[in-house]
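Student: okay, here's the prediction I keep looking at, along with the sequence it came from:
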Amino acid sequence: MGGTHSARDGGFTPVVLSGRQQLAGSIRMKPENPEPLDSPMLTAKQLADRYKISVQSVWRAVGEKRFPDPIYVAPRSPRWIAAEVDAALAAHRRSPKEAKAARRALRPATGMPDGKP
């Protein structure tokens, strides 16, 4: 992966890979010629307000892959496409029965090693 670096423009211009560009790791940069979005782009604070969680929980959800990686429209300016976040949350939602089974699976086993209480 590379890009061009020139003293004339004073900065680094990433190479466009395709559509939304994907650079080292999970950093997504704003494309040179963005396609129009049907869904708004939201900041971490706007996501937190929308889902009634803290900004820290937004970043935790990104780390746990419950939210998509942000798109950096400028340095230190992450944004999320609202429709992508909605789709990711819908994919990770579980019924109460499934959630209870997952919590039980994480709990340490109780009782005797042979399975008798």
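Tutor: Ah, there it is.

Student: against Ile71, how distant is Asp38?
Tutor: Look at Asp38 and Ile71: by CB to CB, to the nearest Å, they are 15 Å apart. All C-beta spots, glycine's among them, are computed from the backbone N, C-alpha and C.

Student: neighbour-wise, which of those two wins?
Tutor: Neighbour tally, Asp38 and Ile71, criterion other CB atoms under 10 Å: the higher count belongs to Ile71, 20 against 8.

Student: wait, doesn't that one sit right on Trp80?
Tutor: Yes: at 7.2 Å, Ile71 and Trp80 qualify as touching, with contact defined as CB atoms under 8 Å.

Student: okay, and the common contacts of these two?
Tutor: Listed as contacting both Ile71 and Trp80 by CB atoms under 8 Å, 6 or more residues apart in numbering are Met41.

Student: tell me, how many residues neighbour Asp69?
Tutor: Neighbour tally, Asp69, other CB under 10 Å: 16.

Student: I'd like the numbering to begin with 7 instead of 1 from here.
Tutor: Okay, using 7 as the starting number, the last item reads as Asp75.

Student: double-check it against Val68; I have them as touching.
Tutor: Yes: judged on CB under 8 Å, Asp75 makes contact with Val68 at a distance of 6.4 Å.

Student: same for the helix or strand hosting Gln62, what does it pack against?
Tutor: Gln62 is part of helix 61-69, with elements assigned from DSSP states H and E. On a contact count with 3 or more CB pairs under 8 Å, 6 or more residues apart in numbering; DSSP states H and E, helix 61-69 meets helix 50-57.

Student: can you rerun that using 10 Å?
Tutor: helix 50-57, strand 84-87, helix 88-98 (3 or more CB pairs under 10 Å, 6 or more residues apart in numbering; DSSP states H and E).
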